[in-house]
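> kindly return the folded structure for what I paste below:
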Amino acid sequence: MLGRHLLQFYANHGGTPLLNEVMVFVAENLVYLIPIALLYLWFTSGEEQPDSSFRMALVPAWFTAEDGKSKSVFIFFTIVVSLIISYGMGQLYAHPAPYVISQQTLLGGVPENSFPSQHTTVMFAFAWPLFYLQGRWRDGLIAVVLASLVGVSRVYVGVHYPIDIVGAVGASLLGFVLVYVARGPVMTFADQCVRIEEYVSGVVT
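This is a model prediction of the structure:
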């Protein structure tokens, strides 16, 4: 709890108005970059770089230069599975959000279980798969930094405790491992999505 108290003390007594506004914005809105990134991967798959830069490092047969769509589906599944795990963890252990206990927080809301952080789960679930895309480790590193910033900001504004962020990281890692193990069916589903899109495009045009 010490980390949360230090962040909250700084937010309430030492944080500048500008810093507080930035942290509130990051805590609430940075997660919306994820669907934008997934859509970008899906719709720019035909414009991707040479195939080696976009293949899964440990399973090169599953990802090729034209497979931005399959990467998007893989990451989407990682996020969904991670959120399911996160929800299950919340059923096993729960505690009220900091703003329920203290009125001195930058953000508030309806009383709810704050363990683990869903926003942080989504951010890290997006980040982990990027480390396994050849040539994408820098993107993964940037994504982890942004995910960490979201986690810190969620504590800073008073909607989560540090343990909620740790739980979110664990849920996202487990979600990635499970999707990686089940990559065969996931890629089969991705292929079906691509075929459906091609069929619909053919009908429309």
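> now the strands for the protein?
Shown for the chain, no strands are assigned by DSSP state E.
> in this protein, which helix or strand is least confident?
helix 2-9 (a mean of 48; mean pLDDT, DSSP states H and E).
> got the contact list for residue 97?
Counting by Cβ atoms under 8 Å, 6 or more residues apart in numbering, residue 97 makes contact with 109, 111-114, 158-160. Where you see a C-beta, it was placed from the backbone N, CA and C, and this is true even at glycine.
> what is the neighbour count of residue 92?
Using other Cβ atoms under 10 Å, residue 92 has 7 neighbouring residues.
> what do you get for the one 10 residues further on?
By other Cβ under 10 Å, 14 other residues sit near residue 102.
> thinking again about what came up before, pick the one among the contacts of residue 97 closest to residue 19.
Of all the contacts of residue 97, residue 19 sits closest to residue 158, with 14.3 Å by Cβ to Cβ.
> excluding its backbone neighbours, what's nearest residue 166?
residue 116 (7.7 Å; Cβ to Cβ, 6 or more residues apart in numbering).
> for that neighbour, list the residues it contacts.
With Cβ under 8 Å, 6+ apart, residue 116 has these contacts: 86, 89-90, 164-168, 170-171.
> equivalent analysis for residue 26, please.
For residue 26, counting by Cβ under 8 Å, 6+ apart, the contacting residues are 149-150, 153.
> now residue 176: closest residue in space that isn't a chain neighbour?
Using Cβ to Cβ, 6+ apart, the closest residue to residue 176 is residue 128 (4.2 Å).
> wait, that neighbour sits on residue 140?
Yes. Here residue 128 reaches residue 140: they are 7.3 Å apart, a contact under Cβ atoms under 8 Å.
> which of these two has more residues huddled nearby?
Legend: neighbour count by other Cβ under 10 Å for residue 128 and residue 140, higher for residue 128 (23 against 17).
> how close does the more buried one get to residue 16?
In this view, residue 128 and residue 16 are 33 Å apart by Cβ to Cβ, to the nearest Å.
> so what pLDDT did residue 119 get?
pLDDT for residue 119: 97.
> that one against residue 150, yeah?
Yes. In this structure, residue 119 is within contact of residue 150 by Cβ under 8 Å, at 5.7 Å.
> name the residues contacting each of those two.
27, 30-31.
> out of those, who's the most crowded?
That'd be residue 27 among those, by other Cβ under 10 Å, with 26 neighbours.
> flag every buried residue along the helix ranked longest in the chain.
Longest helix in the chain, counting residues (DSSP state H): helix 68-92. Of the residues in helix 68-92, 68-79, 81-83, 85-86, 89-90 count as buried by neighbour count, 16 or more other Cβ atoms under 10 Å.
> distance between that helix and the chain's centre?
9 Å (Cα atoms, centre = their mean, to the nearest Å).
> what separation do you get for the nearest residue to residue 96 once chain neighbours are set aside and residue 162?
Sequence neighbours aside, residue 111 is the residue nearest to residue 96 in space, at 6.2 Å (criterion: Cβ to Cβ, 6+ apart). From residue 111 across to residue 162, the span is 20 Å (Cβ to Cβ).
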